[in-house]
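Undergrad: Here is a sequence with its predicted model. Questions after.
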Amino acid sequence: MIVLGADHGGVSLKESVKKYLDSAKIEYRDLGTFDGQSVDYPPIAAQVGHTVADGKAEKGILFCGTGIGMSIAANKVDGVRAVVCDNDYCTEKARSHNNANILCLGGRVLDEEKAIALTKIFLGTEFEGGRHQRRVEEITAIENGKL
């Protein structure tokens, strides 16, 4: 299962991605927001981040105006590796090399077609492990104050 969250700047794009997830029969949980009313993004990012870090969801997707604010907030949660991506290559490498577990997309910078394409890549790309595992472990060491 994946978990979704958005602020007012990303709610429309989130709804578009949900249609794709429904058609692909990919299970998800939507933590809001559910309309275009202004809402602060950090609590939503934290809720999605904790859901992923606690193992209650395999991956997450966050949506705001640019993806940047959501990624900054989500990355404050230990165990989260949230990335803002706007192209296929970076999205694939975020998964295969960095084992990113939350994708952040910008509702004001991406169209529906691109967001769905990036979602497919993010959800369909496996972590390669190997030499990349050591680097992910070093990121965890930073979180734990050991590096």
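TA: Received, thanks. Numbers count the residues shown, from 1 in each chain.
Undergrad: now could you export just the CA positions of stretch 62-72 as CSV?
TA: The C-alpha trace of stretch 62-72 is given here as CSV (Å, rounded to 0.1, in the frame of the first residue of the first chain):
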residue,chain,number,x,y,z
LEU,A,62,3.2,14.0,-1.5
PHE,A,63,1.8,16.9,-3.5
CYS,A,64,2.1,20.7,-3.0
GLY,A,65,2.7,23.6,-5.4
THR,A,66,6.3,22.7,-6.2
GLY,A,67,6.9,19.5,-4.1
ILE,A,68,9.7,21.3,-2.4
GLY,A,69,8.0,22.2,0.9
MET,A,70,6.6,18.7,1.3
SER,A,71,10.0,17.2,0.7
ILE,A,72,11.7,19.4,3.3
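Undergrad: what comes up buried for that stretch?
TA: Buried residues in stretch 62-72, counted by 16 or more other Cβ atoms under 10 Å: 62-67, 69-71. All C-beta atoms are positioned from the backbone trio N, CA, C, and that covers glycine.
Undergrad: Stretch 7-23 too?
TA: By 16+ other Cβ under 10 Å, the buried positions in stretch 7-23 come out as 7-11, 13-18, 20-21.
Undergrad: How about residues contacting that stretch?
TA: Stretch 7-23 is contacted from outside by 2, 4-6, 28, 30, 33-41, 44, 61-67, 69-70, 105-108, 110, 112, 115-116, 119-120, using Cβ atoms under 8 Å, 6 or more residues apart in numbering.
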